[in-house]
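[1] Have a look at this fold, sequence not included:
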């Protein structure tokens, strides 16, 4: 592969930056979108991403950006809906405005981005590929981020629906990402020690990396996934050890819960 035109929302840091670097390494022309320009653009193998400013919550801005990509490059091959996130907020205390804003960023903006990308891709003989970055928060309870979890659950359904509506020319898939080690994650879990304790709950014994998620996105956009659409590829290291198993093991051998790494046989 290589030589494709790829757009990644939220592509200047964290998972998005990892996705941008993976496509750059494959020889693609990559546009990284974010509200603010980074101090340093993602790069790989001597190539550097192009940055364009965008608030993904602005449908008119999204459509204008797609028009600019087509004007500058002649086509759009891959669109990755990665921008998203949420601060911690208890559902009973968060305001209606807060909930609406989180759903707008993590679900509605993805629909607008996909719509704009599909418009361009349907006009191309080669079609295109859209990937939504979902989360395990959309497949299990999401305490402290209720609106975020609900939005990510909706994103998985949206992926399946758009795959049906836009086939066969445009494929739409999702990556359901688990716990990923980023700078934001370190802060969220209380520093390196907290991050290590969280990693111990993952069957693979570590947190994911942006490169892990990027590899899955790369596959879904490749010819090897030509018959894959409407799918969600879980990238979560086995997800989490069930709490009741860890509690039972700790009770039976007297070890504190934080010493049980889930190495059950």
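    Yes, it's here. Just so it is clear, the structure is predicted and the values come from calculations on it, not from any experiment. Numbering: from 1, shown residues only.

[2] and residue 94, that's in a strand?
    No - the assignment for residue 94 is coil, going by DSSP: H, G, I helix; E, B strand; the rest coil, so no strand is present there.

[3] what's the burial count for it?
    By other Cβ atoms under 10 Å, the residues close to residue 94 number 19. From N, CA and C alone the C-beta is placed, and that goes for glycine too.

[4] Tell me how far it lies from residue 112.
    Going from residue 94 to residue 112 by Cβ to Cβ, to the nearest Å gives 23 Å.

[5] Kindly report the same for residue 22.
    Taken as Cβ to Cβ, the span from residue 22 to residue 112 is 24 Å.

[6] Please identify which of the two sits among more neighbours.
    residue 22 (24 against 20).

[7] residues in contact with the more buried one?
    Contact analysis of residue 22 by Cβ atoms under 8 Å, 6 or more residues apart in numbering lists 44, 211, 214, 215, 217, 218.

[8] go again using 6 Å as the cut-off
    Counting by Cβ atoms under 6 Å, 6 or more residues apart in numbering, residue 22 touches 214, 218.

[9] That one is in what secondary structure piece?
    Residue 22 is located in helix 14-25, with elements delineated by DSSP states H and E.

[10] Any chance you could list what contacts the helix or strand following that helix?
    Once the chain leaves helix 14-25, the next helix or strand it forms, by DSSP H and E, is strand 29-34. With contacts defined as Cβ under 6 Å, 6+ apart, strand 29-34 is touched by 5-9, 11-12, 20, 23-24, 49-52, 54.

[11] From those residues, which land in helices?
    20, 23, 24 (DSSP state H).

[12] with these in mind, which one is nearest to residue 248?
    residue 20 (43.4 Å; Cβ to Cβ).

[13] Could you count how many residues lie near the closest one?
    Residue 20 - counted by other Cβ under 10 Å - has 34 other residues nearby.

[14] Residue 183 too?
    9.

[15] Next, the angle strand 29-34 makes with the helix holding residue 22.
    Angle of helix 14-25 versus strand 29-34, following axes from the mean of the first three to the mean of the last three Cα atoms, to 10 degrees, is 170 degrees.

[16] For the contacts of strand 29-34, which single residue is the most surrounded?
    Result: residue 20 is most packed of those (other Cβ under 10 Å), 34 neighbours.

[17] hang on, the earlier thing: which single one of the contacts of strand 29-34 is nearest to residue 169?
    Ranked by distance to residue 169 (Cβ to Cβ), the contacts of strand 29-34 are led by residue 5 at 16.1 Å.

[18] where does residue 118 sit relative to residue 32, distance-wise?
    Residue 118 sits 21 Å away from residue 32, going by Cβ to Cβ.
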